[in-house]
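Peer 1: what would the 3D arrangement of this be:
(chains A and B)
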Amino acid sequence: DGGITQSPKYLFRKEGQNVTLSCEQNLNHDAMYWYRQDPGQGLRLIYYSQIVNDFQKGDIAEGYSVSREKKESFPLTVTSAQKNPTAFYLCASSIRGATLSFYEQYFGPGTRLTVT
Amino acid sequence: GNSVTQMEGPVTLSEEAFLTINCTYTATGYPSLFWYVQYPGEGLQLLLKATKADDKGSNKGFEATYRKETTSFHLEKGSVQVSDSAVYFCALMNYGGATNKLIFGTGTLLAVQP
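Peer 2: Numbering: from 1, shown residues only, chains lettered A, B, ... in the order given. The predicted structure is shown next:
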């Protein structure tokens, strides 16, 4: 079955530690995205990548880093510089159309990160 | 800039009631519009979409019509079930430009009681 996998589902870390969240897709989608969701709020874009070896900052990139070495993988590192890292993190991907437009995004199941 | 405004929840309905969740948007150009649904503890699932004015998106008994004149994309369902209880997000995407990113509303929690 094609889809997006995120692991682990729950992650616990101590303050001051970096942590990497995994996102893998086998949909052959070109673009991948990371969002953060906080209770009672919509999703906010952290980083996105439209092509391998290239990525762009979203609206709240401070304290996060990403890499896109393979088309199917887009890991997110939450660094110790992120002031409020506890949140639900969602990865998404989309396919690119013929005119550089990207179609609708499909989401993974999410990783809930708790930092204490 | 682009933005999406949804009605605040929670919306509490009895089973088989009619559902409307309001969504209005502000955007330049001709965005595509989406409804996503999030069940407890899960990621978002695309529920339906519309890519141009007067398009009607539909799926699983849910419908929404892209109204450019009122900049709205209200979600409707004729008869809700307990299994429809979830958070619903309205979103827009403006194609072209540097990001092609989704802009989300804050979500509306729907609770359906038996």
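
Peer 1: near chain B, which residues of chain A?
Peer 2: Within reach of chain B by Cβ under 8 Å from any Cβ of the partner chain, chain A has these residues: A:4, A:6, A:31, A:33, A:40-43, A:45, A:48, A:50, A:56, A:58, A:90, A:92, A:94, A:100-102, A:104-110. All C-beta spots, glycine's among them, are computed from the backbone N, C-alpha and C.

Peer 1: change it to 10 Å
Peer 2: By Cβ under 10 Å from any Cβ of the partner chain, the residues of chain A that approach chain B are A:4, A:6, A:9-10, A:31, A:33, A:35, A:37, A:40-45, A:48, A:50, A:56, A:58-59, A:88, A:90-92, A:94, A:96-97, A:99-112.

Peer 1: give me the distance between A:Asn26 and chain B.
Peer 2: 16 Å (Cβ to the nearest Cβ, to the nearest Å).

Peer 1: could you do A:Tyr89 as well?
Peer 2: Distance of A:Tyr89 to chain B, given as Cβ to the nearest Cβ: 10 Å.

Peer 1: how many neighbours does that residue have?
Peer 2: Counted with other Cβ atoms under 10 Å in any protein chain shown, residues neighbouring A:Tyr89 total 22.

Peer 1: now the phi/psi pair for the spatially most central residue of chain A, please.
Peer 2: Centroid-nearest residue in chain A: A:Trp34, 2.6 Å away (criterion: Cα atoms, centre = their mean). Phi and psi for A:Trp34, reported as degrees, to the nearest 10, are phi -120, psi 130.

Peer 1: list the residues that contact it.
Peer 2: By Cβ atoms under 10 Å, 6 or more residues apart in numbering or on different chains, the contact set of A:Trp34 is A:21, A:23, A:43-49, A:55, A:58, A:60-61, A:64, A:66, A:74-76, A:89-92.

Peer 1: just the pLDDT for it.
Peer 2: As predicted, A:Trp34 sits at a pLDDT of 97.

Peer 1: returning to what we had before: list only those of the contacts of A:Trp34 flagged as buried.
Peer 2: A:21, A:23, A:43, A:45-49, A:55, A:58, A:61, A:64, A:66, A:74-76, A:89-92 (16 or more other Cβ atoms under 10 Å in any protein chain shown).
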